[in-house]
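Student: From the sequence below, what's the structure:
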Amino acid sequence: MNLLKPSRRDILKMSAAAPALALSASKVTALGGPDGDQAPGYFRFTIGNAKVTIVSDGNFFLPGTAAGINVDRAEVEAFMIRHFLETERIFSHTNHVVIELGDAVVLVDVGSGNRVSMTAGKMLGNLEAAGIDYNSITHVMLTHAHPDHIWGIRDDFDEAVFPDAQYFISEVEHNWWLTPDRVNMIDESQQNLVIGAVNSLNADLLQLNLVQGDHEIAPGMTMISTPGHTPGHMSLHLESDGEELIVTGDVTRNAYFDFERPEWYGSPDMDGEKSVATRKRLLDWASEDRITLVGYHFPFPGVGHAIKQGDAYRFIPALWKWQ
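Tutor: Residues are numbered from 1 along each chain as shown. Below is the predicted model:
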């Protein structure tokens, strides 16, 4: 009786024919957290004359089913496996941006404080570690009113964390969440989001400014309308000495899905089709003009560039440079 022994070439052919089987979901490398002072929770670089610091608020998880809700689940899981991602949950970093330019010190979003996840709420400690005085913050831009971006706005006394700063949010975003009786207009599972947004946007000592359309909050720093993820979501565009940066907020939440499958949207997107159109518009702009991007939920520090590949894109992380 002859036994057939597949050659290495045969094995490779079989693997190519069945990639979902060849790449088991269990083959995901899990790196632990930093050991002691191995990796600080901040990262600095410059854009023109602006000093930019990425400050981590920690991380949290979303269910794996939150991604690609408008396509077949098997396709989404196959994508996850190919990209060495877990299929049961999505790991999300939280990368805040502090921009120092001229007399302005602008912070983008305030994180979740101690109200969302035990693994998040680290922004204030990392601001201190980065040597950024809380009292030096002059402007706080709020991209939108989801918990991980805004629930850290209040301290334990329900007062604004940065009481001397001017806060900015889209008027559309503000009015949607604060519409009277909004909590009873939505699904019961989402009602806590409304309650949290209302409490946050009504914090004591909060100097809140409502903006419409594109709005310059400080020289060189302009809030731009990027709706879809939420009704009034906004991103931040920085320009200094011929260099540019876009803080995307949640227009791009994942450095893999949102670039390679930009037509997919997730359960956190309140208007899926609009979020797709906005994402493509922003990534087209960034890739064509070679603008640096910061993704709030990208792997820390979340800094890089987009390149166009047909109807999709690719995220190219910026290189760390020790100098």
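Student: Show me which helix runs longest in this protein.
Tutor: For the chain, the longest helix by residue count, based on DSSP state H, is helix 272-289.
Student: For stretch 99-115, buried residues please.
Tutor: 99-101, 104-113, 115 (16 or more other C-beta atoms under 10 Å). In this view, the C-beta of every residue, glycine as well, is placed from N, C-alpha and C.
Student: among the residues you listed, which two are most distant?
Tutor: Within the buried residues of stretch 99-115, Leu101 and Arg115 form the most distant pair, 30.7 Å apart (C-beta to C-beta).
Student: out of the buried residues of stretch 99-115, which one sits closest to Tyr265?
Tutor: For these, the nearest to Tyr265 is Asp109 (20.9 Å; C-beta to C-beta).
Student: Tell me which helix or strand comes right after the lowest-mean-pLDDT helix or strand in the chain.
Tutor: Least confident helix or strand, the chain: helix 19-22 with a mean of 38, by mean pLDDT, DSSP states H and E. Counting by DSSP states H and E, the next helix or strand C-terminal to helix 19-22 is strand 42-47.
Student: what about that next one, average pLDDT?
Tutor: Mean pLDDT, computed over strand 42-47, is 92.
Student: which stretches of the stretch 201-323 of the chain form strands?
Tutor: 207-211, 215-218, 221-225, 234-240, 243-247, 292-294, 303-309, 312-317 (DSSP state E, counting those that start in this stretch).
Student: Using JSON lines, lay out these together with mean pLDDT, distance to Glu128 and mean neighbour count.
Tutor: Shown next, in JSON lines, are those (pLDDT from 0 to 100; distance: least, C-beta to C-beta, whole Å; neighbours: other C-beta atoms under 10 Å):
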{"stretch": "strand 207-211", "mean pLDDT": "97", "distance to Glu128": "23", "mean neighbour count": "16"}
{"stretch": "strand 215-218", "mean pLDDT": "96", "distance to Glu128": "23", "mean neighbour count": "17"}
{"stretch": "strand 221-225", "mean pLDDT": "98", "distance to Glu128": "23", "mean neighbour count": "19"}
{"stretch": "strand 234-240", "mean pLDDT": "98", "distance to Glu128": "23", "mean neighbour count": "22"}
{"stretch": "strand 243-247", "mean pLDDT": "97", "distance to Glu128": "21", "mean neighbour count": "22"}
{"stretch": "strand 292-294", "mean pLDDT": "98", "distance to Glu128": "21", "mean neighbour count": "24"}
{"stretch": "strand 303-309", "mean pLDDT": "97", "distance to Glu128": "21", "mean neighbour count": "18"}
{"stretch": "strand 312-317", "mean pLDDT": "97", "distance to Glu128": "26", "mean neighbour count": "17"}
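Student: Now render the ones you listed as TSV, adding distance to Val140.
Tutor: Output for the strands of the stretch 201-323 of the chain, formatted as TSV (distance: least, C-beta to C-beta, whole Å):
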stretch	distance to Val140
strand 207-211	9
strand 215-218	9
strand 221-225	12
strand 234-240	11
strand 243-247	13
strand 292-294	16
strand 303-309	21
strand 312-317	27
